[in-house]
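**Q** give me a model of this one.
(one chain, ligands or ions: 1)
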Amino acid sequence: MAERPPRLGDVIDDYCPKCRLLLNHDVASLYAEAVAKVTCRTCHNTHDYQNAQVPAKRPSKKALEKRSLMDQVLAGIPAPPPPPPAPVTPVRKKRDLWAEVERLRKK
Ligand SMILES: [Zn+2]
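**A** Next comes the predicted model:
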């Protein structure tokens with residue numbers, strides 16, 4: 001099938017900003033043999049043709065605010081002190097009960 005310039009009413013795929021999905025669109029307007037505007041066949045919203053490109057997801061304003069607040073909180077906190085050294089537990093010798101008995105007998 002030979003590529004032909006798009007015509008009004010053609011059905012093409014594009015990203016609908018209202019539906020936030022890649023959906024079928026009707027070509028609504030052309031400019032210099034290129035699609036200028038399209039109408040979503042799902043919600044009938046007419047918008048600029050986006051070359052079927054799904055826009056990069058950007059973090060919401062709320063998420064950005066949350067992160068900056070977290071940064072502020074973290075910036076206000078002094079670095080935690082190094083943990084105290086682990087107490088040195090002397091290796092306890094196993095009590096030699098027989099030695100103890102000998103010692104008591106000698107008394
Ligand atoms: Zn739509």
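**Q** please work out which residues outside the lowest-mean-pLDDT helix or strand in the chain touch it.
**A** Using mean pLDDT, DSSP states H and E, the weakest-scoring helix or strand in the chain turns out to be helix 61-76, at a mean of 83. Helix 61-76 is contacted from outside by P59, using C-beta atoms under 8 Å, 6 or more residues apart in numbering. For the C-beta atoms, the positions are set from N, CA and C on the backbone; glycine is no exception.
**Q** quick one: distance of it to the chain centre.
**A** Chain-centre distance of helix 61-76: 15 Å, with C-alpha atoms, centre = their mean, to the nearest Å.
**Q** could you do stretch 25-41 as well?
**A** On C-alpha atoms, centre = their mean, the centre of stretch 25-41 falls 33 Å from that of its chain.
**Q** for Q50, give its distance to I12.
**A** Between Q50 and I12 the distance is 11 Å, computed by C-beta to C-beta, to the nearest Å.
**Q** list the residues that contact both of the two?
**A** Contact criterion C-beta under 8 Å, 6+ apart; residues shared by Q50 and I12: none found.
**Q** what about the strands in this protein?
**A** Applying DSSP state E to the chain gives strands spanning 11-16, 21-31, 34-40, 46-48.
**Q** okay, those strands, which one's buried deepest?
**A** Highest mean neighbour count among the strands of the chain (mean count of other C-beta atoms under 10 Å): strand 34-40, with a mean of 19.
**Q** so, in contact with the ion or not, that one?
**A** Yes. Against the ion, strand 34-40 shows contacts by C-beta under 5 Å from the ion at C40.
**Q** same question, stretch 42-56
**A** Yes. Stretch 42-56 is in contact with the ion by C-beta under 5 Å from the ion, via 42-43, 45.
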